[in-house]
Each structure stands twice: as structure tokens, then as C-alpha cells.
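**Q** Quick one: sequence plus predicted model below, questions after.
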Amino acid sequence: MHYKPLIGLPGVSVHLHATTLCNSIYRGDDQMLVNTHVFGMNAYGAPLWHIRRAPESRMFDVYAESFEAVWELSRPANEE
């Protein structure tokens, strides 16, 4: 519902999935936003981490691997 206006914009891909996750990941190139899910709190009130790829850390890669695994199980939102 909230992302519907983005569907079809150049350079934007919106996918849907049915996996159970403990965070939402929004990725763009070598940066991502990770919105952690907190029991009893709406997503807009929960912590948001801005993670950048850095050679001395694997944090970006760990979340990127998770993102890619879920992406493989997803389907484009415009198929709805």
C-alpha cells in the first residue's frame, strides 16, 4: 500500500515475499537501511540503522546476503 506509487518508476524494484523476518531491509548499491522490528511497536517507532559497505566490517555483507536470499524467494509487486 505505501510503496505502490513507486512501482514502475525507473530504477525501482518492489518485490513481495512471504518469509518471516525480524527486520526490513531497503537497499541501494553499497548502502542500506535496516528497520528492526520491536514487539509492540510500529515500524516507524523502531530503530533504523544506516549501514554502508566497509572493507573492515562484514555487517553490510551479512545483511546483503539475507536480502539476496529473500529476493530469490520474492515476486515482483506488479504481478499482484
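**A** Structure received.

**Q** Distance of the residue lying farthest from the centre of the chain relative to residue 36?
**A** Using Cα atoms, centre = their mean, the residue of the chain lying farthest from its centre is residue 56. It sits 22.6 Å away. For residue 56, the distance to residue 36 equals 23 Å [Cβ to Cβ, to the nearest Å]. Every residue, glycine included, has its C-beta placed from N, CA and C.

**Q** Low-confidence ranges, the chain, go.
**A** Within the chain, the stretches with pLDDT under 70 are 79-80.

**Q** How much space separates residue 11 from residue 33?
**A** For residue 11 relative to residue 33 (Cβ to Cβ), the value is 17 Å.

**Q** So between these two, which is more surrounded?
**A** Taking neighbours as other Cβ atoms under 10 Å, residue 11 and residue 33 compare with residue 33 leading, 14 against 5.

**Q** Spell out which helix or strand contains the residue nearest the centre of the chain, please.
**A** The centroid of the chain falls nearest to residue 25 when counting by Cα atoms, centre = their mean (2.1 Å). Element membership for residue 25 (DSSP states H and E) is strand 23-28.

**Q** Thank you, goodbye.
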